[in-house]
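[1] Here is a sequence with its predicted model. Questions after.
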Amino acid sequence: MSVVIVDYDAGNLRSVESAFSYLQEPFRVTREPDDVRGADRLVLPGVGDARAAMGVLEERGLVSAIREFLARGNPFLGICLGSQIILDRSDESGASCLGILEGTATAFDPGQGLKIPHMGWNTITPRGDHPLLRDLSRESSFYFVHSFFPNPRDPGDVLAWCDYGVSFAAVVGRGNLAATQFHPEKSGEAGLRLLRNFLGWKP
């Protein structure tokens with residue numbers, strides 16, 4: 001099985017690599033569109049600015065490669081920024097994004113008295129029974145660092161919610177695509193369980 005992690009200069013590659021190494025799962029980190037197209041499983045991690053990230057993806061020919069990968073029906077996992085740029089657009093700099101799921105990456109409202117960015121551990125509430133979230137207890141906590149969150153147009157694309165003064169989508173997905181706003185690779189055993197589930201997922 002070929003697990004491919006997309007490198008588009010957007011941060012947390014080292015921690016994602018460490019997690020898959022711990023799971024003893026062979027993987028490849030790549031900037032090459034052909035590697036993305038040919039992957040059995042694809043991971044789109046990332047932290048940082050949506051507009052800058054999309055610029056790099058476009059420059060490297062990775063936008064069309066990601067879309068072609070998804071059209072083949074193989075499992076895709078977005079992480080953090082990777083859960084936001086799968087949407088149509090981001091409120092961060094008004095960036096146009098991949099448009100795989102309809103919706104917008106939305107900023108937390110500082111007027112609600114929230115400390116932004118949302119940083120630290122929080123629990124999630126699954127909506128339904130998705131294979132990615134199998135065998136995770138309701139007490140499982142995950143590590144978040146973000147000021148924006150995925151806000152899909154279709155509520156059915158929300159796989160799990162998180163509460164941080166407001167309720168927001170912590171996991172989104174449809175078909176062979178799933179994405180987490182939190183960092184499973186930094187979330188201890190619960191995060192490793194989610195990554196194991198991803199490796200065994202057959203959409």
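    Yes, it's here.

[2] Which strand or helix spans M119?
    In this assignment (DSSP states H and E), M119 forms part of strand 118-123.

[3] partners of that strand in the sheet?
    strand 141-146 (antiparallel) (DSSP bridges).

[4] On the pLDDT front, check G46 for me.
    As predicted, G46 sits at a pLDDT of 89.

[5] so it touches I85, yeah?
    Yes. Contact criterion C-beta atoms under 8 Å: G46 and I85 qualify, at 7.3 Å. For every residue, glycine as well, the C-beta is placed using N, CA and C.

[6] Which of these two has more residues huddled nearby?
    I85 (32 against 26; other C-beta atoms under 10 Å).

[7] how much space between the nearest residue to that one once chain neighbours are set aside and V29?
    In this structure, I85 finds its nearest non-sequential neighbour in C97, 4.4 Å apart by C-beta to C-beta, 6 or more residues apart in numbering. C97 sits at a distance of 22 Å from V29 (criterion: C-beta to C-beta, to the nearest Å).

[8] Identify each buried residue in the helix or strand that R51 is a member of, please.
    When elements are defined using DSSP H and E, R51 is found to belong to helix 50-59. Using 16 or more other C-beta atoms under 10 Å as the test for burial, helix 50-59 gives A50, A52, A53, M54, V56, L57.

[9] my read: the fifth one touches D7, true?
    No. If you go by C-beta under 8 Å, V56 and D7 don't touch, sitting 9.2 Å apart.

[10] any idea of the angle the longest helix along the chain forms with strand 118-123?
    Ranked by number of residues, the top helix in the chain under DSSP state H is helix 188-200. Relative orientation of helix 188-200 and strand 118-123, computed by axes from the mean of the first three to the mean of the last three C-alpha atoms, to 10 degrees: 80 degrees.

[11] Now do helix 188-200: everything it contacts.
    1, 3, 19-20, 22-23, 25, 41, 75, 77, 131-137, 140-143, 178, 180, 182-185, 187 (C-beta atoms under 8 Å, 6 or more residues apart in numbering).
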